[in-house]
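> Predicted structure and sequence below. I'll ask about it afterward.
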Amino acid sequence: MKKFLLLAAVSIIAAVTVGCTTIDSGSVGIRFKKWAANVDEQGGVIGTCKGFVWYNPFTQRIFEYETFVQRKTYDEFKVNAKDASIFTMQPTIAYRLNPDMATHVFVKYRKSLSEIEEGYISTCIYEAYRTCGNSYTSDYLMSNRGEFEAEVRKRLEKSLNAEGFIVEEFTSNIIPPKSLQDAINAKNEAVQNALKAENKVKEAEANAKIEIAKADGEARALKIKGDGEAYYNRTVAASLSELLVKQDAIQKWDGKLPQYTGGGATPLLNIK
């Protein structure tokens with residue numbers, strides 16, 4: 001009976017003093033001491049862990065970080081351009097924690113990734129936008145959005161990589177001030193109207209050329225037809241003139257035969 005009670009007591013003590021948890025393959029666990037009189041530079045961290053983890057729940061805790069890609073879309077915020085124009089930004093970031101720097105992140109922040117998103121990462125994003133925005137005029141920013149976003153991302157990656165966060169994707173929804181947007185719309189409308197007018201001029205010129213070509217073709221056709229008719233008339237007229245001469249000679253002949261002058265001369269027909 002005593003052995004049974006002793007075994008039960010040991011089992012209860014073991015169950016209470018030994019904890020077990022599992023760390024998913026897409027995460028990294030940080031095992032650390034709750035209290036540490038002699039805390040070293042690791043801030044009481046014993047080490048990282050994965051899979052089944054045994055620990056003492058009285059003196060230790062397990063903190064888990066996801067290492068797969070996280071995506072966060074931030075609320076809109078304002079950024080001033082170099083010429084004091086105010087732009088509205090709404091960025092979306094996709095990032096992941098560098099597993100090799102999980103201990104560093106935990107020791108420095110001791111917060112979950114969602115909390116770090118709202119704190120440190122949010123601050124880095126705003127600072128990158130603010131610094132880059134102050135280097136661009138509003139017109140240049142609108143005409144070179146890709147360049148602006150590339151510079152913002154470059155600054156952001158530099159800040160986050162140093163803290164153990166890898167930027168996978170970064171996009172901006174840049175909303176210009178209404179006055180600038182109205183000016184852009186008016187400019188685009190003017191360009192479109194100019195293109196329409198230019199196209200109408202080209203269309204009119206093309207139609208005129210078509211009409212000229214058509215008239216020229218008709219004129220050439222009429223000339224060819226007229227030349228043919230004139231040639232025909234001349235030929236007919238020439239033929240008729242020869243017949244009329246002969247008919248007139250016949251009508252004027254008195255019926256007498258030709259007279260000979262003698263001396264072997266060729267008789268002449270005198271028609272009066």
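In hand now; what should we look at? Numbers count the residues shown, from 1 in each chain.
> For the chain, which element, helix or strand, carries the lowest mean pLDDT?
helix 2-17 (a mean of 49; mean pLDDT, DSSP states H and E).
> Report the buried residues of the following helix or strand past it.
The helix or strand immediately downstream of helix 2-17 is strand 19-23, counting by DSSP states H and E. In terms of neighbour count (16 or more other CB atoms under 10 Å), strand 19-23 has its buried residues at 21, 23. All C-beta atoms are positioned from the backbone trio N, CA, C, and that covers glycine.
> Quick one: residues in contact with strand 19-23.
29, 49-57, 60, 62, 64 (CB atoms under 8 Å, 6 or more residues apart in numbering).
> can you do 6 Å?
29, 49-50, 52-55, 57, 62, 64 (CB atoms under 6 Å, 6 or more residues apart in numbering).
> Most neighbours out of those residues, which is it?
When neighbours are counted by other CB atoms under 10 Å, residue 29 leads the contacts of strand 19-23 with 21 neighbours.
> quick one, the helix or strand harbouring residue 29 and strand 19-23 angle?
Taking DSSP H and E as the definition, residue 29 sits inside strand 27-33. Counting by axes from the mean of the first three to the mean of the last three CA atoms, to 10 degrees, strand 27-33 lies at 150 degrees to strand 19-23.
> Neighbouring strands - and their directions - for strand 27-33?
Note on strand 27-33: by DSSP bridges, its sheet partners are strand 45-49 (antiparallel), strand 60-66 (antiparallel).
> Just give me how far the shortest one sits from the chain centre.
The reference is to strand 45-49. 47 Å (CA atoms, centre = their mean, to the nearest Å).
> What are the contacting residues of it?
Under the criterion CB under 6 Å, 6+ apart, residues 23, 28-32, 103 lie in contact with strand 45-49.
> okay, who's weakest in those residues by pLDDT?
On pLDDT alone, residue 32 ranks lowest of these, at 86.
> Could you check how far that one is from residue 131?
Residue 32 sits 35 Å away from residue 131, going by CB to CB, to the nearest Å.
> What's the end-to-end length of stretch 87-107?
Its first and final residues considered, stretch 87-107 spans 37 Å by CA to CA, to the nearest Å.
> Ignore what I typed, I meant stretch 166-175.
Stretch 166-175 end-to-end distance (CA to CA) = 27 Å.
> quick one: pLDDT of residue 110?
pLDDT recorded at residue 110 is 89.
> ah, wrong one, I meant residue 208
Looking at residue 208, the pLDDT reads 82.
> give me every residue that touches it.
So residue 208 contacts nothing (CB under 6 Å, 6+ apart).
> which SSE is it in?
Per DSSP H and E: helix 178-252 holds residue 208.
> coming back round to it: would you point out the most distant pair within the contacts of strand 19-23?
Within the contacts of strand 19-23, two members stand farthest from each other by CB to CB: 50 and 57, at 18.9 Å.
> Look up phi and psi at the nearest residue to residue 100 once chain neighbours are set aside.
Distance criterion CB to CB, 6 or more residues apart in numbering; nearest residue to residue 100, sequence neighbours excluded, is residue 164 at 7.9 Å. The phi/psi pair for residue 164 (degrees, to the nearest 10) reads phi 100, psi 20.
> Any stretches of the stretch 101-250 of the chain with poor pLDDT?
179-181, 183-185, 187, 189, 236-249 (pLDDT under 70).
> Repeat the analysis, applying 80 as the threshold.
Scanning the stretch 101-250 of the chain for pLDDT under 80 picks out 177-198, 200-201, 204-205, 218, 222-223, 225-250.
> Pull up the gap between the residue nearest to residue 98 when sequence neighbours are not counted and residue 50, please.
Nearest residue to residue 98, sequence neighbours excluded (CB to CB, 6+ apart): residue 164, at 4.7 Å. As judged by CB to CB, residue 164 and residue 50 stand 18 Å apart.
> do residue 232 as well
108 Å.
> same deal with residue 27?
Taking CB to CB, one finds residue 27 at 8 Å from residue 50.
> Check residue 225 too.
Applying CB to CB to residue 225 and residue 50 gives a distance of 99 Å.
> and what of residue 19?
16 Å.
> beta partners for residue 87?
Beta-bridge partners of residue 87, as defined by DSSP bridges: residue 79.
> Does it touch residue 78 like I think?
No: between residue 87 and residue 78 there is no contact under CB atoms under 6 Å: 7.2 Å.
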